[in-house]
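*Asks:* quick one, fold the following:
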Amino acid sequence: MKIHEYQAKELFKQYGIKVPASVLCEKKENIEQTIKNFTFPCVIKAQVHSGARGKAGGVKLAEDYNSAIITAEKILGMELTSKQAGTKKVNKILIEQAVNIDKELYLSLTFDRANEAIALIISNQGGMDIEETAKISPDKIYTQLITDNFNPEETVKKLGFNSIINWQICSIINSLYRLVKEKDALMAEINPLVITKHHEVIALDAKINFDDNALFRHEDILALKDEAEENPCELQAQKEGLNYIKLNGTIGCMVNGAGLAMATMDVIRLAGKEAANFLDVGGGASSDKIEKAFKILISDKNLKAVFINIFGGILRCDFLAEGVKNAIQNLNIDIPVIVRMEGTNKSKGADILNHSGLKFTVVNDLNEAIEVIKNI
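*Replies:* Sure thing, here's the model as predicted:
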């Protein structure tokens, strides 16, 4: 689960990490009154779940009162488009006190799955072009796995600052590590982490992603969820107990099992197409749940076909077939539906589909599925 920058900064303050003074604004009629409380310059920042907000025009410096009002009115309500998140409407802005920046750093803690540990990633080349730094000067980015005897001092020394600055950076790293551990975060990023001309180290931005599977332990974090930032189909799927993630392709997938879902997406790539989604209906899905899953699938206007790839273990193939048949009848689906079933009651399932009077393509194996998908 993602949260907004302003929410992440509130968490930072709880853990003793310095952030600039700021105020959230959600209504244009409140902009003038909010800005009156600031000295200038100040920064107007779009609050959306997206990276690269600055490059997309969602972060602007305002030198005086009038320019701050004009900028805030422009950003609040704008359609912000970025490579990471597509187009999103800005429903909230953060008005923040500007600081005198001497140096921009990059700092993050992220989960390293290969090593089953949290990794510290830090660089003295932070800011909007950190991705370019990673490509052009990877030696400027330092990584350290966090173990039981973790001490960030040796890594921080590589950045080339004096002991006072190093102490502040180490303090922030230790606080961020406590936050990640205590709140079950998968990633916490500060870009930029800045050194001011007064030699203070301040988190100028804040991004935290949390482990969805651990949210039951953190009602305070779950309360921060902004459903306006979520994909409507993904929200509906969560309510129905389905695992759905929207992707950018044109071939819808319905499977039972995460591993099978990944393999199915590979099959679609082998056919020269792209998957439109990840959808796992689970091992014990009923025919009613299958129909609900289908309804979510076809809400994607880019869909050109649906590929159903099911292993009938707990979910029997005849239950699947009944659910698929009912969905197509009730929802008036007019795009191709390819079905591959293996397992319990496979023959019964195939009979239900073949005698339904509806247009299914029932395939016997994945090679046959590839050939069918190629021609869509």
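*Asks:* who's in contact with the residue nearest to N231 when sequence neighbours are not counted?
*Replies:* Once flanking residues are discounted, N231 sits nearest to K246: 5.0 Å by C-beta to C-beta, 6 or more residues apart in numbering. C-beta here means a position set from N, CA and C on the backbone, and glycine is covered the same way. Going by C-beta atoms under 8 Å, 6 or more residues apart in numbering, K246 touches N231, C233, E234, A276, N277, D300.
*Asks:* could you dump the residues you listed to JSON lines with secondary structure and distance to I290?
*Replies:* Formatted as JSON lines, the contacts of K246 follow (DSSP: H, G, I helix; E, B strand; the rest coil; distance: C-beta to C-beta, whole Å):
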{"residue": "N231", "secondary structure": "coil", "distance to I290": "21"}
{"residue": "C233", "secondary structure": "helix", "distance to I290": "16"}
{"residue": "E234", "secondary structure": "helix", "distance to I290": "18"}
{"residue": "A276", "secondary structure": "coil", "distance to I290": "17"}
{"residue": "N277", "secondary structure": "strand", "distance to I290": "15"}
{"residue": "D300", "secondary structure": "coil", "distance to I290": "17"}
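*Asks:* mind giving me the PyMOL command for buried ones among these?
*Replies:* Buried subset of these, written as a PyMOL selection, criterion 16 or more other C-beta atoms under 10 Å:
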select buried, resi 233+276+277+300
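*Asks:* okay if I get the contacts of K246 as CSV plus distance to I308 and pLDDT?
*Replies:* Converted to CSV, these look like this (distance: C-beta to C-beta, whole Å; pLDDT from 0 to 100):
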residue, distance to I308, pLDDT
N231, 21, 79
C233, 17, 83
E234, 20, 84
A276, 13, 93
N277, 12, 92
D300, 15, 87
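*Asks:* name the nearest of the contacts of K246 relative to I130.
*Replies:* Comparing the contacts of K246 against I130 with C-beta to C-beta places N231 closest, at 26.4 Å.
*Asks:* which residue ranges form the strands in the stretch 51-200 of the chain?
*Replies:* 59-62, 79-82, 86-89, 93-97, 101-112, 117-123, 141-145, 185-196 (DSSP state E, counting those that start in this stretch).
*Asks:* quick check: mean pLDDT of the fifth one?
*Replies:* To tie it back to what came earlier, the one meant is strand 101-112. Mean pLDDT, strand 101-112: 96.
*Asks:* go on, the fourth one?
*Replies:* Taken as a whole, strand 93-97 has a mean pLDDT of 96.
*Asks:* would you mind writing the CA trace of it as CSV?
*Replies:* Provided in CSV are the C-alpha atoms of strand 93-97 (Å, rounded to 0.1, in the frame of the first residue of the first chain):
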residue,chain,number,x,y,z
ILE,A,93,-1.5,19.9,-2.5
LEU,A,94,1.2,20.3,0.1
ILE,A,95,2.4,23.9,0.7
GLU,A,96,5.8,23.7,2.2
GLN,A,97,8.4,26.1,3.5
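*Asks:* run through who's touching it.
*Replies:* Contacts of strand 93-97 (C-beta under 8 Å, 6+ apart): 5-6, 20-26, 34-35, 38-39, 42-47, 68, 72, 75-76.
*Asks:* out of these, which end up buried?
*Replies:* 5-6, 20, 22-25, 34-35, 38, 42-47, 68, 72, 75-76.
*Asks:* taking the residues you listed one by one, which sit in strands?
*Replies:* Judged by DSSP state E, strands contain the following of those: S22, V23, L24, C25, C42, V43, I44, K45, A46.
*Asks:* save the residues you listed as CSV, and put in distance to F360 too.
*Replies:* Converted to CSV, those look like this (distance: C-beta to C-beta, whole Å):
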residue, distance to F360
S22, 56
V23, 57
L24, 51
C25, 53
C42, 60
V43, 56
I44, 54
K45, 51
A46, 46
